[in-house]
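Student: pasting a predicted model and its sequence here:
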Amino acid sequence: MTSKVYFLSWDMRNELYNFLKSAMIFNHVKSRNLLAIKIHFGEDGNEGYIKPKYVLPVVKIAREKNAYPFLTDASTIYVGKRSDACHHLLTANKHGFTVEKCECPIIIADGLRGNTEEKIEVNLKHFKTVTIAREIYNADNFIFMSHFKGHEITGFGGALKNIGMGCGSKAGKYAMHHLSKPTINQKLCGGCGTCVKHCYQKALSLVNKKIAMDKEKCAGCGQCIVNCIFKVFKLKWNEDPPAVQEKIIEYAAGVLKDKKSTYVNFLNHISKYCDCFALAKNEPLMNDVGIVAGIDPVSVDQASYDLVNKAFGKNFFKEIYPEIDPTIQLKYAQELGLGNRNYELVKY
Ligand code: SF4
Ligand code: SF4
């Protein structure tokens, strides 16, 4: 059994609207659907994110079907310009994602502070429930627009990662990233008390004007990390990459439960790191390839992976991350029934 995957070469990118229409992959978009178009707006200073002009053809198709599309993403657990809805919207606006340019509104899916969330039962190997952004839960259906590039933990990031990690609330993202509690560098603490107010588990207190944590109470939600501007709290990025990939896939299974979606991957600005990084060294490492679309997230990511490697002349991802096997996410997603690694490539 194979899934159909549609491919538009990068030099024909201005044909995006006609390409998507001809692929006929938007049958799930229905009249009066509140349709979430999940995208990454790019960290402040990052250049790799999908540009707003490519959103417009997708919005146009949704509107032709009388759906109500909105652009969305959820907050980050690291401290940056997308770690609360206020900064996230300003960053999106700065990168050109405006109502005027995209012809649809932006809604940050997990609320002002990243804790507006819903739990979905999955009963899988790592998680019994997953904690996802509430407006992802509330959306009728989805379109995932994903920038396909290298990723420092999962080897590559594409549609599956955009679904699983991208739709988790802060607590969800934290649960996927690692099991341990944040570490504290007391020397950096100014004793302001902000994190204490934001710790809903009441795991934090000030002792002699320095922060102290009750690890038994800590749920690993990440709120203290985001709310301390003095960077007292740190994540331990020590999770086994295979386990992280599997956890992301279990989150994707929760997000897609009882929902339908289309996936559009952009194989351009293919960098070593993800779009959360605003580093000068996050430059593209190869020529732009094209746009891949379909209704099966596994085949869309598998085809994207194969097309990048073919264009590079050898395995690009092994070259940049020799220690990571990025196909774990594809294998586990297929095992959970999210899609098929076998595909038929239909060129536009
Ligand atoms: S927010 Fe940071 S500086 Fe303020 S009390 Fe908490 S750890 Fe200390
Ligand atoms: S990670 Fe732990 S200590 Fe920090 S806010 Fe969440 S529950 Fe509190």
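Tutor: Arrived safely. Ligands and ions are numbered 1, 2, ... in the order given.

Student: low-scoring stretches of the stretch 151-300 of the chain, by residue?
Tutor: 178-180, 219-223, 226, 235-241, 278-281 (pLDDT under 70).

Student: how about the strands in the stretch 151-300 of the chain?
Tutor: With DSSP state E, counting those that start in this stretch applied, the stretch 151-300 of the chain shows strands at 155-157, 183-184, 204-207, 210-213, 233-234, 261-267, 290-294, listed in chain order.

Student: quick one: the last one to strand 261-267, angle?
Tutor: Per axes from the mean of the first three to the mean of the last three C-alpha atoms, to 10 degrees, the angle that strand 290-294 makes with strand 261-267 is 170 degrees.

Student: partners of strand 290-294, with directions?
Tutor: Sheet pairing of strand 290-294 (DSSP bridges) gives strand 3-9 (antiparallel), strand 261-267 (antiparallel).

Student: so what's the residue count around Tyr190?
Tutor: No Tyr there; residue 190 is Gly. Counted by other C-beta atoms under 10 Å, the residues lying close to Gly190 total 13. (Each C-beta comes from the backbone N, C-alpha and C, glycine too.)

Student: distance check, it against ligand 2.
Tutor: Using C-beta to the nearest ligand atom, to the nearest Å, Gly190 is found at 17 Å from ligand 2.

Student: now that residue: closest residue in space, sequence neighbours ignored.
Tutor: Phe230 (5.7 Å; C-beta to C-beta, 6 or more residues apart in numbering).

Student: circling back to that earlier point, nearest to ligand 1, out of the strands paired with strand 290-294?
Tutor: strand 261-267 (37.5 Å; C-beta to the nearest ligand atom).

Student: from the chain's centroid, how far away is that closest one?
Tutor: 12 Å (C-alpha atoms, centre = their mean, to the nearest Å).

Student: name the SS class of Phe70, please.
Tutor: strand (DSSP: H, G, I helix; E, B strand; the rest coil).

Student: wait, isn't it in contact with Glu103?
Tutor: No. Contact criterion C-beta atoms under 8 Å: Phe70 and Glu103 do not qualify, at 10.8 Å.

Student: more crowded one of those two?
Tutor: The neighbour count for Phe70 versus Glu103, taken as other C-beta under 10 Å, is higher for Phe70 (19 against 14).

Student: turn the strands paired with strand 290-294 into a markdown table, columns for distance to ligand 1 and mean neighbour count.
Tutor: Formatted as a markdown table, the strands paired with strand 290-294 follow (distance: least, C-beta to the nearest ligand atom, whole Å; neighbours: other C-beta atoms under 10 Å):
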| stretch | distance to ligand 1 | mean neighbour count |
| --- | --- | --- |
| strand 3-9 | 47 | 21 |
| strand 261-267 | 38 | 27 |
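
Student: related to what we said a few turns ago, any chance of the strands of the stretch 151-300 of the chain in a markdown table, with distance to Cys195 too?
Tutor: As requested, the strands of the stretch 151-300 of the chain are exported to a markdown table (distance: least, C-beta to C-beta, whole Å):
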| stretch | distance to Cys195 |
| --- | --- |
| strand 155-157 | 29 |
| strand 183-184 | 10 |
| strand 204-207 | 5 |
| strand 210-213 | 6 |
| strand 233-234 | 7 |
| strand 261-267 | 36 |
| strand 290-294 | 42 |
